[in-house]
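[1] Starting from these lines, generate the structure:
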Amino acid sequence: MKVHFISIGGSVMHQLAIALHRKGYQVTGTDDEIFEPSRTNLLSEGILPEAMGWQPDLITKDLDAVILGMHARNDNPELIKAIELGLQIFSFPEYIYHESQQKKRIVVGGSHGKTTTTSMIMHVLSKLQYDFDYLVGAKLTGFEQSVKITNAPIIVCEGDEYPASAIEKKPKFHFLFPHIAILTGIAWDHINVFPTFDFYLEQFRIFIAKIEVGGLLIYNSSDKVLDQLVNDCRRNDIRYQSYEVPTHAIHQGKTSVTIDGYSSDLKVFGNHNLMNLFAAFYACKEMGVTAKDFVSSIADFTGASKRLELMASGDSINVYRDFAHAPSKVKATIDALKQQYPDRKLIGILELHTFSSLNEKFMNEYDGALSKADIAIVFYSKHALEIKRLPDLPADTIRLGFNQPGLLVMNDKKQLGDWLTKNDFTNSNVVLMSSGNYDGIDMLTFAERITH
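    All right, here's what the predicted structure looks like:
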């Protein structure tokens, strides 16, 4: 097989390129810029482009597939030539399905918890020595890559609702056709792509329609929007399994879970993680995993990168970082920490960094998201607004949207840095929630300083 990647340097694209190279395919690729760690990863595999820039001469009739990344645009000269030659052009998810038509496909969708739920399934199947491929949106302990494509009989995929490519605007998870599907919940996000909630909701209705006949939909019935959606969808040719928060206990900062009479302490915590775990159980059960084996296997799962990840810890201080940026994710993270450590002061520092979160029209969606934090800070940089070509975001608009007395709003990194330097964090949990980097503030050094 000869495969060419247009925009090979993407965080997931380059992982697929490596996976296919290891499978024995002849892989080429191009990009106009490639950053770390993609550059080193491609170099070590011997498939780093010799020069940056688009190279239409590499688009030849003998290519079996051209895979188009999100970074490539409609006027890309390689794409234009591939179309002229009548080559097979795939978006990333379309190609994943192309490689997985003979596999049992497990796909995890939803507005939140996708990466963690996918990771939990992978962790358990790996511990129980199942042979499987995967696609997941984070670096996981015990897995060298975030994409694996072999001849395994199973594939576990995180199903993203974001557009598949520059020429294929449908969501990625519409192309994966699961036998086992999970929906973790629905909370409006990505307003630059889905301008109304109803349009966003429709994408999940379409996803349900694409489950293979006889397949299983595992869904979070505690989410009222999702529960109603499921009840309104196809009923006769697929099976349904609802879940909520499983039986559990919290004792001295440790959470234990019980499933079908089998119990174990966990390294993760919070109702959202417990629900993710329960969804993962039902997917694994469908693959033949017993409750006993699942509970014992999940006990040492530590979580995906930047998902309530412990950065540093001291005698009376923990510092966590979390990818949370959408309102439902922020609320779930804050609630989890307050429930796990009710006697500690909770300091939540949220950076608004995505297009939705920096949009004045979206701000009311954050109402109450930080309500259980004892000290709540919302930070945003003017640089982020400029990059996304958004107008200035008044601090009063943020305060009104979050609807939280005492909310601190900052848009200058020196102001935030001074606050982090001057405050006492004794007997506290600090959680840093962001998909950005706080305009360059070294949060790891801060975490280590206050915990030592």
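[2] And L79, how far from A166?
    Distance of L79 to A166, given as C-beta to C-beta, to the nearest Å: 8 Å. C-beta coordinates here come from the backbone N, C-alpha and C atoms, glycine included.
[3] Any chance you could give me the least confident helix or strand in the chain by mean pLDDT in PDB, C-alpha atoms only?
    Lowest on mean pLDDT, DSSP states H and E among the helices and strands of the chain sits helix 382-387, with a mean of 89. Output of helix 382-387 as PDB, limited to C-alpha atoms (Å, rounded to 0.1, in the frame of the first residue of the first chain):
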ATOM      1  CA  LYS A 382      -5.600  39.500  24.700                       C
ATOM      2  CA  HIS A 383      -3.200  37.600  22.500                       C
ATOM      3  CA  ALA A 384      -5.700  34.700  22.400                       C
ATOM      4  CA  LEU A 385      -8.500  37.100  21.300                       C
ATOM      5  CA  GLU A 386      -6.300  38.500  18.600                       C
ATOM      6  CA  ILE A 387      -5.400  35.100  17.200                       C
END
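[4] can you pull the buried residues of that helix?
    384-385 (16 or more other C-beta atoms under 10 Å).
[5] Tell me which residue lies nearest the centroid of the protein.
    When C-alpha atoms, centre = their mean is applied to the chain, the residue found nearest the centroid is T115 (4.4 Å).
[6] quick revisit: can you list residues touching both of L79 and A166?
    Here L79 and A166 share the contacting residues 68, 72, scored by C-beta atoms under 8 Å, 6 or more residues apart in numbering.
[7] Mind checking which of the two has more residues around it?
    Per other C-beta atoms under 10 Å, whichever of L79 and A166 has more neighbours is L79, with 24 against 19.
[8] Secondary structure class of that one, three-state.
    helix (DSSP: H, G, I helix; E, B strand; the rest coil).
[9] show me what contacts D232?
    Residues counted as contacts of D232 (C-beta under 8 Å, 6+ apart) are R205.
[10] how near is it to G417?
    Applying C-beta to C-beta, the value for D232 to G417 is 50 Å.
[11] Helices of this protein, start to end?
    Ranges of helices in the chain, per DSSP state H, are 13-23, 38-45, 77-84, 92-99, 114-127, 197-209, 224-232, 271-286, 291-298, 327-340, 382-387, 395-402, 413-422, 443-451.
[12] Buried residues, the second one. List them.
    Neighbour-count burial for helix 38-45 flags 38-39, 41-42 (criterion: 16+ other C-beta under 10 Å).
[13] Give me the helices and strands touching that helix, please.
    With contacts defined as 3 or more C-beta pairs under 8 Å, 6 or more residues apart in numbering; DSSP states H and E, helix 38-45 has these neighbours: helix 13-23.
[14] Now for N192, how many residues are close by?
    Neighbours of N192 under the rule other C-beta under 10 Å: 12.
[15] give the contact list for it.
    Contacts of N192 (C-beta under 8 Å, 6+ apart): 355-356, 359.
[16] With pLDDT as added columns, please give the residues you listed in a markdown table.
    Converted to a markdown table, the contacts of N192 look like this (pLDDT from 0 to 100):
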| residue | pLDDT |
| --- | --- |
| F355 | 88 |
| S356 | 87 |
| N359 | 91 |
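[17] In JSON lines: the helices of the chain, plus distance to M52.
    Below are the helices of the chain laid out as JSON lines (distance: least, C-beta to C-beta, whole Å):
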{"stretch": "helix 13-23", "distance to M52": "14"}
{"stretch": "helix 38-45", "distance to M52": "10"}
{"stretch": "helix 77-84", "distance to M52": "13"}
{"stretch": "helix 92-99", "distance to M52": "21"}
{"stretch": "helix 114-127", "distance to M52": "30"}
{"stretch": "helix 197-209", "distance to M52": "35"}
{"stretch": "helix 224-232", "distance to M52": "44"}
{"stretch": "helix 271-286", "distance to M52": "39"}
{"stretch": "helix 291-298", "distance to M52": "43"}
{"stretch": "helix 327-340", "distance to M52": "35"}
{"stretch": "helix 382-387", "distance to M52": "22"}
{"stretch": "helix 395-402", "distance to M52": "39"}
{"stretch": "helix 413-422", "distance to M52": "31"}
{"stretch": "helix 443-451", "distance to M52": "31"}
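[18] Just the buried residues out of the contacts of N192, in PyMOL syntax.
    To isolate the buried ones among the contacts of N192 in PyMOL, judged by 16+ other C-beta under 10 Å, type:
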select buried, resi 355+356+359
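[19] among the contacts of N192, which are in strands?
    Among these, no member falls in strands (DSSP state E).
[20] of all the contacts of N192, which comes closest to S328?
    The nearest member of the contacts of N192 to S328, counting by C-beta to C-beta, is S356 at 11.9 Å.
[21] Count the residues that sit near the closest residue to G10 other than its chain neighbours.
    Spatial nearest neighbour of G10, chain neighbours left out: G69 (4.7 Å); criterion: C-beta to C-beta, 6 or more residues apart in numbering. G69 has 24 neighbours, counted by other C-beta under 10 Å.
[22] circling back: hmm, who's touching the least confident helix or strand of the chain?
    352-353, 358, 391-393, 411, 436, 439.
[23] do stretch 25-35 as well
    Contacts of stretch 25-35 (C-beta under 8 Å, 6+ apart): 1-10, 13-14, 17, 20-21, 42, 47-49, 52-55, 58, 69, 71, 78.
[24] which among the residues you listed end up buried?
    3-10, 13-14, 17, 20-21, 42, 47-49, 54-55, 58, 69, 71, 78.
[25] residue contacts, the closest residue to P246 other than its chain neighbours?
    The shortest distance from P246 to any non-neighbouring residue, by C-beta to C-beta, 6+ apart, is to F278 (4.5 Å). Contact partners of F278, counting by C-beta under 8 Å, 6+ apart, are 243-246, 259.
[26] How about F204?
    Shown in contact with F204 (C-beta under 8 Å, 6+ apart): 109, 161, 183, 186, 226, 229.
[27] nearest to L400, of those residues?
    The closest of the contacts of F204, once distances to L400 are taken by C-beta to C-beta, is I186, at 25.0 Å.
[28] quick one: that closest one from N220, how far?
    Taking C-beta to C-beta, one finds I186 at 9 Å from N220.
[29] Quick check: neighbours shared by the two?
    Shared contacts of I186 and N220, defined by C-beta under 8 Å, 6+ apart, comprise 110, 226.
[30] closest to I155 among the buried residues of helix 38-45?
    Looking across those and measuring by C-beta to C-beta, the closest to I155 is N41, at 21.2 Å.
[31] Please pick out the residue of the chain most distant from its centre.
    What lies farthest from the middle of the chain is K61; by C-alpha atoms, centre = their mean that is 36.3 Å.
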